[in-house]
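Q: Based on what follows, work out the 3D shape:
(one chain, ligands or ions: 2)
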Amino acid sequence: MVLGLDVQNVTHRYAKMTAVADLSLQVNPAEIFAILGPNGSGKSTLFRLVSTLVGIQEGRIFVNGFDVQSETDRVREQLGVVFQSPSLDRKLTVMENMLCQSALVGLRGSEKTDRIQELVRSMGLQEKLHVRCEKLSGGQKRRVELAKGLLHKPKVLLLDEPSTGLDPASRLDLWHVLSELRRESGTTIVMTTHLLEEADKCDRVAILNQGSMVACGSPEQLRSEAGDMIVSISTHDPQSVARILIDRLHMEPTVFEQQVRVSHPSAVSQLPAIVEATKLLANSVSVGRPSLEDVFVAKTGHQFLVS
Ligand code: ADP
Ligand code: MG
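A: Ligands and ions are numbered 1, 2, ... in the order given. Below is the predicted model:
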């Protein structure tokens, strides 16, 4: 039996539109795994399939060895899911929301109260237990959602865009909660995100583009695959700068907004030539390691746009 998450050749269409295209990926137990992709790349669809909300059209998915299609109940026991759209009842208190969820997952008596206490403590919600959810901050609400999703001690946690709408401090907070959860309970955590810096912190990342996987590996691995150091020129006239680099230095730059980037192995050694050739148009020229965004550009030939 393969533990963790095993997605095998999954394709999903909405009418004629292919949202997930022959996707295969494996997430190891106790891994924190990011599915990174711009909006519309099929992340939520994949989660709906894994969480048994939508029937599988093509391919197979296993959660801790249980088949999503034929062992739905077992799969649901394994899974905790926090979807993008908030699932809290705003008019109820934190405690009341937890009690409702407990009833849904069949927790009773002291097991129920103990579990709620434990989660409330680990999510830092002790003070908020009797506050209505509508009064909570974005980060606090997200932690209540998470606590709800964890009530039945799922072995695999799916989080759809957990950081969306959170300020940087709450994001950090959430990250801390997730790493503790993995450390203490060995929970497998799979999250979708369109935030490159969030994916960067995960053990491994699968990059999705239009329903297909374009890369998968540790952030380090992916960055080294994307090539050598990147030279980046910021300018008010990116088209002309790109032209100069192509014509005079025979480079293959990519342009995004006010930036021209070159990832050719010789880019760094040619830095003086680049500076010389572009000095009339460049505001600054910098050198850095490839980011996950560069990986995306390298693999798809287009920019990582989130909106
Ligand atoms: P993501 O979560 O990465 O933004 P989604 O899985 O929500 O991507 O969407 C993937 C593609 O499928 C998008 O083009 C989206 O418009 C389309 N899509 C998603 N849900 C539906 C639906 N219920 N009916 C029709 N098309 C959908
Ligand atoms: Mg989505």
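
Q: now what about stretch 43-51, what contacts it?
A: Stretch 43-51 has contacts (C-beta atoms under 8 Å, 6 or more residues apart in numbering) with 5, 7, 10, 12, 19-20, 23, 35, 37, 54, 56, 61, 63, 68, 76, 79, 81, 83-84, 158, 160-161, 190, 192, 208, 211. All C-beta spots, glycine's among them, are computed from the backbone N, C-alpha and C.

Q: same deal with stretch 251-262?
A: Under C-beta under 8 Å, 6+ apart, the answer for stretch 251-262 is 230-236, 238-239, 241-242, 245-246, 263-264, 267, 270, 274, 294, 297, 303.

Q: residues of it that come out buried?
A: M251, P253, T254, Q259, V260, R261, V262 (16 or more other C-beta atoms under 10 Å).

Q: Return the subset of these lying in helices.
A: When DSSP state H is applied, the buried residues of stretch 251-262 are split such that none fall in helices.

Q: Mind giving me the packing neighbours of the host helix or strand of E96?
A: Here E96, judged by DSSP states H and E, is contained in helix 94-105. On a contact count with 3 or more C-beta pairs under 8 Å, 6 or more residues apart in numbering; DSSP states H and E, helix 94-105 meets helix 109-122, helix 138-150.

Q: what angle separates that helix from helix 109-122?
A: For helix 94-105 against helix 109-122, the angle by axes from the mean of the first three to the mean of the last three C-alpha atoms, to 10 degrees is 130 degrees.

Q: Near D200, how many residues? Count them for me, please.
A: D200 has 17 neighbours, counted by other C-beta atoms under 10 Å.

Q: Narrow the contacts of stretch 43-51 to those in strands?
A: 5, 7, 10, 12, 19-20, 23, 35, 61, 63, 79, 81, 158, 160, 190, 192, 208 (DSSP state E).

Q: returning to that earlier point: and the helices and strands packed on helix 94-105 as JSON lines, adding distance to ligand 1 and mean neighbour count?
A: Compiled in JSON lines, those are given as follows (distance: least, C-beta to the nearest ligand atom, whole Å; neighbours: other C-beta atoms under 10 Å):
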{"stretch": "helix 109-122", "distance to ligand 1": "27", "mean neighbour count": "14"}
{"stretch": "helix 138-150", "distance to ligand 1": "17", "mean neighbour count": "22"}
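
Q: Redo those as JSON lines? Include mean pLDDT.
A: Listed next are those as JSON lines, based on pLDDT from 0 to 100:
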{"stretch": "helix 109-122", "mean pLDDT": "92"}
{"stretch": "helix 138-150", "mean pLDDT": "90"}
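
Q: now S41: how far from A19?
A: Separation of S41 from A19 (C-beta to C-beta, to the nearest Å): 9 Å.

Q: The two: which has the busier surroundings?
A: Using other C-beta under 10 Å, the more surrounded residue of S41 and A19 is S41, with 24 against 20.

Q: pLDDT value on the more buried one, please?
A: Note for S41: predicted pLDDT of 96.

Q: Assess the claim that it and A206 are in contact.
A: No. In this structure S41 lies outside contact range of A206 using C-beta atoms under 8 Å: 10.5 Å.
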